[in-house]
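Engineer: Below: sequence and its predicted model.
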Amino acid sequence: QQQVKQSPQSLIVQKGGIPIINCAYENTAFDYFPWYQQFPGKGPALLIAIRPDVSEKKEGRFTISFNKSAKQFSLHIMDSQPGDSATYFCAASNGPPCRDDKIIFGKGTRLHILP
Amino acid sequence: DAGVIQSPRHEVTEMGQEVTLRCKPISGHNSLFWYRQTMMRGLELLIYFNNNVPIDDSGMPEDRFSAKMPNASFSTLKIQPSEPRDSAVYFCASSQRDSEQYFGPGTRLTVT
């Protein structure tokens, strides 16, 4: 019940395309859903986050869509660029944002944007 | 701020040796996390501390792993004895209460 399931494992998209990464969770106590971006040789860094009281959040070219009833959320990258090539992790936790400090991460999606 | 500092960045050791990984969290952060990242298992939380006290160590794989946080500015993760299956990238992260986690650059451990 603590798992966050993420798909696909890897994704290749042409420059300008819209990669979509999907995540699903079981624990209805989760109420904070961050996405982390990791470049090779670096630690993950927070990209964008959403709470279940909204169905969508946009920050620049990055959009999170959230479906509370289906317990699913997804990341869309508009007008993708080669510089967006990285590993993306979805995550979930209890708390606004981290009431118990613990974040459960998905397995990650390796995204490659072709020039 | 320098961010979360980890040392060493790379460690190569032989099976059976003791390995100590070090972390300096961001000043003022009161939560510290140790993660392990592998291709097979992704990013796993090993243990986390709040105000220097271990809160959840359920992710520590076995007794060969131990972690300490003697003060607010320093933590260690020790593996004794090390095994080839411990090879991974180990990340330390820190946060303030109710805020995002900031990750360090990681330590790439190779056990031969």
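Structural biologist: Ah, there it is.

Engineer: Let me know whether whichever strand or helix holds A:K58 sits next to chain B.
Structural biologist: Element membership for A:K58, per DSSP states H and E: strand A:56-59. No - residues of strand A:56-59 are not located near chain B by CB under 8 Å from any CB of the partner chain, the shortest gap being 13.6 Å. Every C-beta, even on glycine, is put in place using the N, C-alpha and C of the backbone.

Engineer: could you point out which element follows that strand?
Structural biologist: Next along from strand A:56-59, by DSSP H and E: strand A:62-67.

Engineer: now that following strand, how far from the centre of its chain.
Structural biologist: Remark: strand A:62-67 is offset 8 Å from the chain centroid, using CA atoms, centre = their mean, to the nearest Å.

Engineer: In the sheet, which strands lie alongside the next helix or strand after it, parallel or antiparallel?
Structural biologist: Downstream of strand A:62-67, the next assigned helix or strand under DSSP H and E is strand A:72-77. Sheet pairing for strand A:72-77, assigned by DSSP bridges, gives strand A:20-25 (antiparallel), strand A:62-67 (antiparallel).

Engineer: tell me which residues of strand A:72-77 are tucked away?
Structural biologist: A:73-77 (16 or more other CB atoms under 10 Å in any protein chain shown).

Engineer: Go through the residues you listed and name the one nearest A:A45.
Structural biologist: Proximity of those to A:A45 (CB to CB) peaks at A:L75, which lies at 14.2 Å.

Engineer: Was I right to think that closest one contacts A:L11?
Structural biologist: No - shown here, A:L75 and A:L11 do not form a contact pair, counting by CB atoms under 8 Å, at 10.8 Å.

Engineer: For chain B, what's its nearest residue on chain A.
Structural biologist: Nearest residue of chain A to chain B, counting by CB to the nearest CB: A:G43, 3.0 Å away.

Engineer: Excluding chain neighbours, what is closest to that residue?
Structural biologist: Nearest non-adjacent residue to A:G43, counting by CB to CB, 6 or more residues apart in numbering or on different chains: B:F103, 3.0 Å away.

Engineer: how deep is A:S93 tucked in, by neighbour count?
Structural biologist: 24 (other CB atoms under 10 Å in any protein chain shown).

Engineer: Identify the bridge partners of it.
Structural biologist: Going by DSSP bridges, A:S93 forms beta bridges with A:Y32, A:I103.

Engineer: Please apply the same query to A:K5.
Structural biologist: Where A:K5 sits in a bridge, its partners, by DSSP bridges, are A:A24.

Engineer: State whether B:Q17 is indeed within a helix.
Structural biologist: No - the assignment for B:Q17, made by DSSP: H, G, I helix; E, B strand; the rest coil, is coil rather than a helix.

Engineer: Need the phi and psi values for the closest residue to chain A within chain B.
Structural biologist: Proximity of chain B to chain A (CB to the nearest CB) peaks at B:F103, 3.0 Å away. Main-chain torsions, B:F103, degrees, to the nearest 10: phi -90, psi 150.
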